[in-house]
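Peer 1: Below are the sequence and a predicted model; questions follow.
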Amino acid sequence: MTTGGGHQHNKRPYWTSTRLVVAGGIIGTTAATIAAGYNRSNHSGNILADDNSTIEVDDPQTMFLDTTDDSDGNSTGGNINDPPNNPPVTSKEKPTCEHCEKETKAKKAAVKLAVKHEKHIPDVTHGTMKTTTMAGRDRERNWPHPPHHESTGAITLVENAILTYAPHVPPPITRTEPAIVKVNMTSDSVIKRINHDYKYPVWRFGEGVRGPFIRARVGDVMELTYMNKDKTGMVHNIDFHSVEGPGGGSAVTNCETGQTRKCLFKLLYPGLFIYHCSAAPVPLHIGNGMYGLMLVEPEEGMEPVDREYYVMQSEFYVDEPDDPDSEIAEPSYSKGLREQPDIVVFNGKEGALTEKHTLQARVGERIRIYFGNAGPNLTSSFHIIGSVMDKMYRDGSLMNPPDRGIATTSVPPGGATVVEMVPRVPGTYTMVDHAMFRIDKGAVGFISVGGEKEPGIYESQDPPQPCPGCKLHA
Ligand SMILES: [Cu+2]
């Protein structure tokens, strides 16, 4: 493994036929081999074959954290060498940057103009935003580097992503440097119960209607191995909203049954993003269950909290089974076109977060919910009955400060949000889409909070009463 001198501004893609440039460094032939689809062996001895082969891979559900340094070329991730025709960038001279030079000229011009007109001058050139007024007031605040500036050297760390299914969330990222994060994904289709009336032919990633939660860090490179195991013969792919490039990755992950795709995606922006299948017809692939969440942590990581949960909303459009004795409903494209769902649920089915499956918490704990809306049609008015969101990261952005003291937030189809609450009174808190008729379609989830209440916040002569027939107050 070689390390590169930072600050490269390559116009070519991250991988080429001869070398891979990641974060200004050079990964070399392994990644290039992946990109080119050549065969290689991984650390387990399983063959990772080219795009069109049916192969056996590591069990994608058996994930573990592996921080093996891949620099010796013999451990996780395989052989990483720098090809002789592409020597490492070792010069200590500061590379010139065409973009920056243009930006500097533009800034000088802006300063002249601002002096003339006494306007604010935003400077977003190198990591700090400084807003200068002619009155001499300077205000600095942290401002993320533009993506092309994140060139700090080669990535030598390789790890396997820990993937979890809702409502569980992988543990926080603790490392302070970028890594190549290996993510194994599969797709298939199965018959699953989606509410008290119907079973349904759900299409899914991994083992859940709502795929696995993927957690990484900005600047990481996701090394995706995606295998379509769907025996029906349907083509699937993955569109990651966290990925820059055609189709968010779907353009290079189209898979027929038995095929495997391998891709490298650099994660340029922190935030909470959904991913979904975008094979045609796209609304059916999403509506039938092919979606999930990916968290890209900022460099400084997420603030520690007491509990984290993964919740996704989606809707189903169904026709009655042709066979009156069957419980298996049919997808209804016409209802989808009319945007009239029969079923609206959290985490893939009615009751996924009620009865024995309520989320758990204690008074005084900070609870963070990663909430996504797969749609495919409805905007969610996400609300937690009995709680004000102490923090709410609008649209899942982790580059902006959170909003505070929010009761209800809109989450569009394909969108996400991160919310935090701190319950101060024990009892049941209810997650809903505040378009309230949807509770009768299944969109209800409970958070059961135990512990002693803080005094003076919620007082009554009578204890809380059960609410007969009510779906909101368990
Ligand atoms: Cu699909």
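Peer 2: Ah, there it is.
Peer 1: Around the ion, which positions in the chain sit nearby?
Peer 2: 236, 277, 279, 285, 290 (Cβ under 5 Å from the ion). Any C-beta I mention is one placed from the backbone N, CA and C, and that applies to glycine too.
Peer 1: can you count the residues close to the first one?
Peer 2: Using other Cβ atoms under 10 Å, residue 236 has 28 neighbouring residues.
Peer 1: Pretty sure it sits against residue 277.
Peer 2: Yes - between residue 236 and residue 277 there is a contact under Cβ atoms under 8 Å: 5.0 Å.
Peer 1: Common neighbours of these two, please.
Peer 2: Here residue 236 and residue 277 share the contacting residues 187, 203, 285, 290, scored by Cβ atoms under 8 Å, 6 or more residues apart in numbering.
Peer 1: Can you tell me which of those residues are buried?
Peer 2: 187, 203, 285, 290 (16 or more other Cβ atoms under 10 Å).
Peer 1: Just those residues: which are in helices?
Peer 2: Judged by DSSP state H, those include residue 285 as members of helices.
Peer 1: Could I get the contacting residues of residue 269?
Peer 2: Here residue 269 is in contact with 147, 218, 242, 296, 399 (Cβ under 8 Å, 6+ apart).
Peer 1: I'd like to know which of these is nearest to the ion.
Peer 2: residue 242 (18.2 Å; Cβ to the ion).
Peer 1: Phi, psi for that closest one please.
Peer 2: phi -90, psi -10 (degrees, to the nearest 10).
Peer 1: show me what contacts the closest residue to it other than its chain neighbours?
Peer 2: Ranked by Cβ to Cβ, 6 or more residues apart in numbering and with sequence neighbours excluded, the top spatial neighbour of residue 242 is residue 273, at 3.9 Å. By Cβ under 8 Å, 6+ apart, residue 273 lies in contact with 240-242, 293-296, 396, 416.
Peer 1: again, 10 Å this time
Peer 2: 214, 240-243, 248, 267, 292-296, 372, 396, 414-416 (Cβ atoms under 10 Å, 6 or more residues apart in numbering).
Peer 1: cool, and residue 257?
Peer 2: 54, 187-188, 227-236.
Peer 1: one more time with 8 Å, if that's ok
Peer 2: Counted by Cβ under 8 Å, 6+ apart, residue 257 has contacts 228-234.
Peer 1: Give me the mean pLDDT for stretch 272-282.
Peer 2: The average pLDDT for stretch 272-282 rounds to 98.
Peer 1: Now that stretch: buried residues?
Peer 2: In stretch 272-282, counting by 16+ other Cβ under 10 Å, buried: 272-279, 282.
Peer 1: Same question for stretch 184-200.
Peer 2: 184-189, 192, 194-195, 198-200.
Peer 1: On the pLDDT front, check residue 251 for me.
Peer 2: Taking residue 251 on its own, its pLDDT is 96.
Peer 1: quick one: low-confidence ranges for this protein?
Peer 2: 1-153, 474 (pLDDT under 70).
Peer 1: what's the domain layout of it?
Peer 2: Following automatic domain parsing, one finds the domains of the chain at 58-76+155-297, 108-149, 307-450.
Peer 1: closest one to residue 466 among those?
Peer 2: domain 307-450 (10.1 Å; Cβ to Cβ).
Peer 1: Quick one: end-to-end distance for that closest one.
Peer 2: Counting by Cα to Cα, to the nearest Å, you get 14 Å between the two ends of domain 307-450.
Peer 1: how deep is residue 466 tucked in, by neighbour count?
Peer 2: 8.
Peer 1: Then residue 372?
Peer 2: For residue 372, using other Cβ under 10 Å, the count is 32.
Peer 1: could you point out which element follows the helix or strand it falls within?
Peer 2: Using DSSP states H and E, residue 372 sits within strand 367-375. Using DSSP H and E, the helix or strand that follows strand 367-375 in sequence is strand 380-385.
Peer 1: What strand or helix carries residue 192?
Peer 2: Using DSSP H and E, the element containing residue 192 is strand 179-193.
Peer 1: Check which helices and strands that strand sits against.
Peer 2: In terms of contacts (3 or more Cβ pairs under 8 Å, 6 or more residues apart in numbering; DSSP states H and E), strand 179-193 is packed against strand 157-160, strand 199-205, strand 214-217, strand 221-228.
Peer 1: Residues contacting the third one, please?
Peer 2: Same thing as strand 214-217. By Cβ under 8 Å, 6+ apart, the list of residues contacting strand 214-217 reads 161-163, 169-173, 175, 178-179, 181, 183, 222, 267, 270, 275, 292-299, 301.
Peer 1: Give me the subset of the contacts of residue 273 lying in strands.
Peer 2: The members of those that map onto strands under DSSP state E are 214, 240, 292-296, 372, 415-416.
Peer 1: Turn the buried ones among these into a named ChimeraX selection, would you?
Peer 2: ChimeraX command restricting the ones in strands among the contacts of residue 273 to the buried ones, with burial defined by 16+ other Cβ under 10 Å:
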select :214,240,292,293,294,295,296,372,415,416
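Peer 1: what are the pairing partners of the strand holding residue 192, and which direction each?
Peer 2: Strand 179-193 pairs in its sheet with strand 157-160 (parallel), strand 199-205 (antiparallel), strand 221-228 (parallel), by DSSP bridges.
Peer 1: okay, those, which one's buried deepest?
Peer 2: strand 221-228 (a mean of 23; mean count of other Cβ atoms under 10 Å).
Peer 1: count of neighbours near the closest residue to residue 452 other than its chain neighbours?
Peer 2: Using Cβ to Cβ, 6+ apart and skipping the chain neighbours, the partner closest in space to residue 452 is residue 363 (6.2 Å). Residue 363 is flanked by 16 other residues according to other Cβ under 10 Å.
Peer 1: re the thing from before, compare the strands paired with strand 179-193 and give me the one nearest residue 317.
Peer 2: strand 199-205 (10.2 Å).
Peer 1: Grab the CA positions of the closest one and hand them over as PDB.
Peer 2: In PDB, the C-alpha atoms belonging to strand 199-205 read as follows (Å, rounded to 0.1, in the frame of the first residue of the first chain):
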ATOM      1  CA  LYS A 199     -49.700 -11.900   3.400                       C
ATOM      2  CA  TYR A 200     -47.800 -10.400   0.500                       C
ATOM      3  CA  PRO A 201     -45.000 -11.200  -1.900                       C
ATOM      4  CA  VAL A 202     -42.500  -8.800  -0.500                       C
ATOM      5  CA  TRP A 203     -39.200  -8.000  -2.300                       C
ATOM      6  CA  ARG A 204     -36.400  -7.200   0.000                       C
ATOM      7  CA  PHE A 205     -32.700  -6.600   0.700                       C
END
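Peer 1: what residues does it touch?
Peer 2: Under Cβ under 8 Å, 6+ apart, the answer for strand 199-205 is 185-194, 209, 211-212, 230, 234, 236, 238, 277, 285, 288-292, 316, 318, 327-329, 331, 348.
Peer 1: rerun that using 6 Å as the cut-off
Peer 2: With Cβ atoms under 6 Å, 6 or more residues apart in numbering as the test, strand 199-205 has contacts from 185, 187, 189, 191-194, 209, 211, 288-290, 292, 327-329.
Peer 1: Perfect, that will be all.
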